[in-house]
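Asker: return a 3D structure for these sequence lines:
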Amino acid sequence: MSRRSGILEFAVLGLLRESPMHGYELRKRLNTSLGVFRAFSYGTLYPCLKTLVANGWLIEEPGSAPEDALAASLAGRRAKIVYRLTAEGKEHFEELLSHTGPDTWEDEHFAARFAFFGQTEREVRMRVLEGRRSRLEERLEKMRASLTRTRERLDDYTLELQRHGMESVEREVRWLNELIESERAGRDQRRSPEAGAAQQDTSGDAGGLPRHRGTTPPDPSEDTK
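Answerer: Sure, this is the predicted structure:
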């Protein structure tokens, strides 16, 4: 399984954990909610769905409205298939959700993981955020070293492009620092008896998220590689 197909399977399972959907709805949600999948097609989605069904993680059901199925039959069209997460699929997704290995820090995988942070335990979120920050700090150090070595040989435009790439990475590191600080503050509040009486936890312990400012992850395609 390629890394990208693994990320797609993770995202499909996560979306279907929220509610059953047919293929069109899934593709729309993947494109609008998860920018990392904005360029993929039905030719990519349906083989993924067939694999998940074959693994026992999804089941296929006819559309919920009988009149829709009748209309499709009379028109000679196939009724829409709705995909529903099985108990085994939910368990598998929860296993994936608890994973915090180095692949979760990479650009595309991190974006998908962040989209489901509302379903993720606080300690797992912290490990993923800290791992991502460490990965970007390593990348930033290499970019600075490369710029120092090659600065004299670069023309103004290439130099400006390299600076732009560094600024994009620096911006994401600052964003991660804010998130990590907020997660820690939320965890400290939860452990405080006074704050615990005043603040009610939601599923996934999302109370640490800084809701007063934007929390959309910076696009990793913006010269962060």
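
Asker: show me where this structure has its strands.
Answerer: 21-22, 58-62, 81-85 (DSSP state E).

Asker: what would those strands look like in TSV with mean pLDDT, distance to Glu178 and mean neighbour count?
Answerer: Any C-beta I mention is one placed from the backbone N, CA and C, and that applies to glycine too. Listed next are these as TSV, based on pLDDT from 0 to 100; distance: least, CB to CB, whole Å; neighbours: other CB atoms under 10 Å:
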stretch	mean pLDDT	distance to Glu178	mean neighbour count
strand 21-22	93	33	17
strand 58-62	93	37	15
strand 81-85	95	33	18
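
Asker: okay, domains of the chain per the record?
Answerer: 3-97, 108-208 (automatic domain parsing).

Asker: for the longest one, what does the pLDDT average out to?
Answerer: When you say that, I think you mean domain 108-208. For domain 108-208, mean pLDDT is 83.

Asker: what about the closest residue to Tyr46 other than its chain neighbours, how many residues close to it?
Answerer: Spatial nearest neighbour of Tyr46, excluding adjacent residues (CB to CB, 6 or more residues apart in numbering): Gly23 at 6.5 Å. By the criterion of other CB atoms under 10 Å, Gly23 has 15 neighbours.

Asker: circling back: out of the strands of the chain, which comes closest to Arg184?
Answerer: Arg184 lies closest, by CB to CB, to one member of the strands of the chain: strand 81-85, at 32.3 Å.

Asker: can you give the strand pairings for that closest one, parallel or anti for each?
Answerer: Strand 81-85 has its sheet partners listed here by DSSP bridges as strand 21-22 (antiparallel), strand 58-62 (antiparallel).

Asker: if I look at the nearest residue to Gly56 once chain neighbours are set aside, how far off is Glu108?
Answerer: Leaving aside its chain neighbours, Gly56 sits nearest to Glu88 (5.1 Å; criterion: CB to CB, 6+ apart). For Glu88, the distance to Glu108 (CB to CB, to the nearest Å) stands at 26 Å.

Asker: between the two, point out the one with more neighbours.
Answerer: Taking neighbours as other CB under 10 Å, Glu88 and Glu108 compare with Glu108 leading, 18 against 12.

Asker: which residues does Leu154 contact?
Answerer: Gln162 (CB atoms under 8 Å, 6 or more residues apart in numbering).

Asker: quick one: it from Leu140, how far?
Answerer: In terms of CB to CB, Leu154 sits 18 Å off from Leu140.

Asker: lovely, talk soon.
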